[in-house]
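[1] Predicted model follows, preceded by the sequence.
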Amino acid sequence: MTGDMAQQVLPDAASHAVAELRQADIVIGIPSYNNVKTIGHVVRAAQGGLAKYFPQFSSVIVNSDGGSSDGTRETVLSSQIEDAHLLMLSTPMLPVHRLSFPYHGIPGKGSAFRMIFAIAQQLGAKACCVVDSDLRSITPEWIDLLLRPVLYTGYDFVAPYYYRHKYDGTITNSIVYPMTRSLYGLRVRQPIGGDFGMSGALVARYLQRNDWETDVARYGIDIWMTSIAIAEGFRVCQSFLGAKLHDAKDPGADLSAMLHQVVGSVYQLMGEYEPVWRSRSGSSPVDLFGFRFDVGLSPIEVNLDRMLNTFRRGCHELAEIWSLALLPENLEAIQRLARELESGAKNFNIPDALWARIVADFACAYRHTPIERGHLLRSLTPLYIGRVASFVIETETSVSSQVEEKIEDLCKAFEDAKPYLISRWKNEAVNLEQGVPSTEKAPEHVKLEA
Amino acid sequence: MIRTLQQILERAVERLADTSMTYLPPLLAGLVILLVAYLIARMVRWMFNRMIKASGVDRFLLQSGISSMLDRSGRLHAAQLVAQTAYWMVILIGVLTALNAFNTELTTRIISSVVLLLPKLVTAALILVAGVWLGKYLGRSMLVWAHNEEMPWPRKLAAVVRTGIIFVSIVVAADHLDFARGVFLAAFVLLMGGAVVSLSIALGMSTHYAIKRRLEEERPRAEEMEEKSLWNHL
């Protein structure tokens, strides 16, 4: 995106403010929507981080708001660190510019980020970071950890690394992390963490793209940013931020819509970066900055019976739609599990290998039946809930290290299933050329394991 | 007596000769036309098969779900479909041309009715295909939506949507063909009216139960929301 195009993304008030500021080395972006309870803390942490770790840089904090009616924007503009001496600064604390504007376009986190990135580019920022406005555990150190690798060690993208409760971030743990890792070969543990650091070059690359009006405008933004950074060869690292404690993310949000946006973005990018992921196998670790320490986490309660019931209902009602994506043997395996569940089986478990094949099947169907994409992605919800229920049962008594081992096993299952994915992906392409339906049998050379 | 018999026979042979002279040439011409039409039809089928295979229409049919709608195995090929259609069109034109060779009032009437009806038949068939496709598509949308919203009987709701849309397309197609227009329209109005009246009665009768149940469910629902808010998927 050129400067003129970036200008078009900005509301007039933002353009005037940018013209007045002219330049900034660092831009910290905070997207928000009715976050008055927590955003003051986030702004103060950002101010503290800038004052303590980057006093020599000119900085701006930008709040990109989705039309809050609870005084979020006023809170951003009025938040101040009252006890600056507690930060033990080596230089006097100078005021940091704070801007707060409502963004234009499709309501969602992605649109909010777009405005932040456009401001960062207009100001010629060397580094930019974004942090969620609902964070309760953010400290000034987060700002240092997200920006330092960009400003001092030449990284382009800093992903967060947190400790989270075993039932927190279940889309991340069961789909996005294993999928991203197996596709692009890098172990970025929190690819949709929400708090990222970026170089000016990467921000410019994001703004150049023309898919901002898709699911990227909403919850798809995080995986979009991470996937582009990895797939296009930008230097990627992680920073350990401690615990992630936050308010519920839009409690009224529809889970199936959220899943649709996140998983849809993963699949969409798979199509675009096919040559990249097809050429990679296995995975390698990513540099992790920051001192790791154990943290206490808030417990999360889940209703297992309701989850199992949702899965059972899905098997009963959505088989017609699943059959558009799943191979008959995978569909049968799922329906067998539902039958066992109905007959009162206690040890419900969706095996890792089966789950990896299901996600792969949906990816292939997403690519090859564009008209049915919405149905397919929305019908994934009960399968996902079933997989989460299986995970909850499996890890009921596990401590965090054991849970990480389970997630590691799942990632390996995804990596093992990559030949299956590639084979089905190729087969589908061949079948389409010949006008033959593809959900008939597994590729012959791919061994299916339950 | 013998003379009379001879005259009758002579007249019969004369009539036969006349009839043969009148109808044999057009019959032969008709047969030749049919033979030529058959050969052209085969050639056209072969050409279309070749051309369509390279055009990517099969991909469209498969991706749009039209092929699985027309053929349950989903193995329908556009090339096959178009080539067969062209083949039968040429045969039909051949038959009509052959009939035209007779140049009688009856054949002229048959030809004009077919020529007038054919475009209407094709349009009606397209309306039906579009209706079936749309019915299936919206039925699936209803199924997924109703399931995710935890509505009761999602499959039945989907079936209602599917059947309703297919029925509307049948009414439109019948109307286009001027075929039993009144019957279909009356059935449509009766069914729709019946459905609306039933829904109104059901709604009225169940409202107080619904309100009661809603009030009873209010507390667990609030607890559920609280639980939902604790669980962060991303």
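    Right, received. Where do you want to start?

[2] hey, let's count contacts and neighbours off CA atoms from now on
    Noted.

[3] Tell me which helix or strand in chain B has the weakest average pLDDT.
    helix B:66-70 (a mean of 64; mean pLDDT, DSSP states H and E).

[4] Which positions in the helix or strand that that one is followed by come out as buried?
    Next in sequence after helix B:66-70, counting helices and strands by DSSP states H and E, comes helix B:78-100. For helix B:78-100, the neighbour count (16 or more other C-alpha atoms under 10 Å in any protein chain shown) marks B:78-81, B:83-84, B:86-88, B:90-100 as buried.

[5] Against A:W142, how distant is A:D254?
    30 Å (C-alpha to C-alpha, to the nearest Å).

[6] neighbour count winner among these two?
    When neighbours are counted by other C-alpha atoms under 10 Å in any protein chain shown, A:D254 and A:W142 differ, and A:W142 comes out ahead with 23 against 12.

[7] List the residues that contact that one.
    Going by C-alpha atoms under 8 Å, 6 or more residues apart in numbering or on different chains, A:W142 touches A:G49, A:L241.

[8] how about a cut-off of 10 Å?
    For A:W142, the contacting residues are A:45-46, A:49, A:131, A:148, A:160, A:195-196, A:239-242, A:290, by C-alpha atoms under 10 Å, 6 or more residues apart in numbering or on different chains.

[9] Just the element for it, please.
    Assigned by DSSP H and E, A:W142 falls in helix A:140-153.

[10] With only the CA atoms kept, save that helix in PDB.
    C-alpha atoms of helix A:140-153 as PDB (Å, rounded to 0.1, in the frame of the first residue of the first chain):
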ATOM      1  CA  PRO A 140       5.600  -2.800  30.900                       C
ATOM      2  CA  GLU A 141       8.000  -5.700  30.300                       C
ATOM      3  CA  TRP A 142       5.600  -7.000  27.600                       C
ATOM      4  CA  ILE A 143       6.300  -3.900  25.500                       C
ATOM      5  CA  ASP A 144      10.000  -4.500  25.900                       C
ATOM      6  CA  LEU A 145       9.700  -8.200  25.000                       C
ATOM      7  CA  LEU A 146       7.600  -7.500  21.900                       C
ATOM      8  CA  LEU A 147       9.600  -4.600  20.500                       C
ATOM      9  CA  ARG A 148      13.300  -5.300  21.500                       C
ATOM     10  CA  PRO A 149      13.800  -8.300  19.100                       C
ATOM     11  CA  VAL A 150      12.600  -6.000  16.300                       C
ATOM     12  CA  LEU A 151      14.600  -2.900  17.200                       C
ATOM     13  CA  TYR A 152      17.800  -4.500  18.300                       C
ATOM     14  CA  THR A 153      18.100  -8.000  16.800                       C
END
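
[11] what about whichever strand or helix holds B:A29, near chain A?
    Using DSSP H and E, B:A29 sits within helix B:2-53. Yes. With C-alpha under 10 Å from any C-alpha of the partner chain as the criterion, chain A is reached by helix B:2-53 at B:K53.

[12] Could you figure out how far that helix is turned away from helix B:78-100?
    Relative orientation of helix B:2-53 and helix B:78-100, computed by axes from the mean of the first three to the mean of the last three C-alpha atoms, to 10 degrees: 160 degrees.

[13] for helix B:2-53, packing partners?
    Under the contact criterion of 3 or more C-alpha pairs under 10 Å, 6 or more residues apart in numbering or on different chains; DSSP states H and E, helix B:2-53 touches helix B:78-100.

[14] how close does A:D211 get to chain B?
    Distance, A:D211 to chain B, using C-alpha to the nearest C-alpha, to the nearest Å: 22 Å.
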